[in-house]
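# Generate coordinates for the sequence data below:
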Amino acid sequence: MRDITVFSGSAHPELAEEICAHLGTPLHPVQLNRFANDVLEVQLQANCRERDVFLIQPLVPPVQEHLVELLLMLDAARGASAARTTVVMPHYAYARSDKKDAPRISIGARLVADLMVAAGANRVLAMTLHSPQVHGFFSVPVDHLHALRELARHFRRYDLSDTVVVSPDLGNAKEAAHFARLLGTGVAMGAKQRFSDDRVVISSVIGDVTGKDVIILDDEIAKGSTVIELLDRLREQRVRSVRIACTHGLFSGGAIERLSELPEVEEIVCTNTVPPPPKAGDKLTVLSIAPALAEAMRRIHDGESVSALFSTS
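Numbering: from 1, shown residues only. Below is the predicted model of the structure:
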């Protein structure tokens, strides 16, 4: 691809390499230095002048470290006279901080969006943002992809004649309904209340799931508290089997081990928007979203429609 230059931060270089392999373009190196006072310095190791620059960096732990690294990369690209700089952010960790739901609380999703634009971002390519309003926090164009097609392609291998897609809460109901349409299944959802980061209560499941095969769909799984709470309600409904699907498989604090130990869970499916856990176990399947991101980047570069990627979904 002419006049395109791709760099990756240190958050997920394996994904960046796979994306560049699909694009047929090299992944250029980034030199990261840390001074004695713990200050970071970034140097982009390829020409950016009047080029279409893409910076690939999901916000994964350590999130603040990777965020500052991304901001420095943006500043370096702007200082190197890039024609346009696009942030490719498969996982936007601050997307959960999207509303003022308590007094004197920060709205991190908006602040971090402002920081990226101030640092030099001209465009953002994101994957499965936690809530729709996050899209509007950016003052530059945002292309928002989802992984439902990749997930649906995987689950179509199974017999779905008596299957229901279940969303853990009403906030994810629209995506669950879309996923159910792709699979040709029914849909149900949990009535969830969140009291803290790791304490949720699901009082009931809205919809018929009794005796059925269930696919739980969520945008991300961190500690797994929501899924485990939902599994308690599904167990009461005597569901036949459970498979779990999400876009962002963070699996922090041993979540993958806890979920894998549950006998009713037959499979856990996620994508590689974030690095997979080192001890994944036999039940985890990781799907690649590199082809989708690469095609979106190609369309952005060539001035083609990105939304057309979902026109038949």
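# by contact count, what packs against the lengthiest strand in the chain?
As assigned by DSSP state E, the longest strand anywhere in the chain is strand 186-196. When contacts are defined as 3 or more Cβ pairs under 8 Å, 6 or more residues apart in numbering; DSSP states H and E, strand 186-196 packs onto strand 163-167, helix 173-183, strand 199-206, helix 225-236. Glycine gets a C-beta too; all of them are placed from N, C-alpha and C.
# residues making contact with the helix ranked longest in the chain?
In the chain, assigned by DSSP state H, the helix with the most residues is helix 63-79. Helix 63-79 is touched from outside by 7, 9-11, 30, 32, 40-44, 48, 53, 55, 57-60, 85, 87, 89, 93-94, 112, 115-116, 119-121, with contacts defined as Cβ atoms under 8 Å, 6 or more residues apart in numbering.
# burial count for residue 150?
Residue 150 is surrounded by 16 other residues when neighbours are defined as other Cβ atoms under 10 Å.
# Pull the contacting residues for it.
Neighbour list for residue 150: 271, 287-289, 292 [criterion: Cβ under 8 Å, 6+ apart].
# which among the residues you listed end up buried?
Among these, those scoring as buried are 271, 287-289, 292 (criterion: 16 or more other Cβ atoms under 10 Å).
# now, among the residues you listed, which is nearest to residue 251?
Of all the buried ones among the contacts of residue 150, residue 251 sits closest to residue 271, with 12.6 Å by Cβ to Cβ.
# List the backbone torsions phi and psi for the residue lying farthest from the centre of the chain.
Of all residues in the chain, the one whose C-alpha sits farthest from the chain's mean C-alpha position, using Cα atoms, centre = their mean, is residue 36 at 33.9 Å. According to degrees, to the nearest 10, the main-chain angles of residue 36 amount to phi -60, psi -30.
# how close does it sit to residue 87?
If you measure residue 36 against residue 87 using Cβ to Cβ, to the nearest Å, the figure is 30 Å.
# Relative to residue 32, how far out is the residue nearest to residue 280 when sequence neighbours are not counted?
Once flanking residues are discounted, residue 280 sits nearest to residue 256: 6.3 Å by Cβ to Cβ, 6 or more residues apart in numbering. Counting by Cβ to Cβ, the separation of residue 256 from residue 32 is 29 Å.
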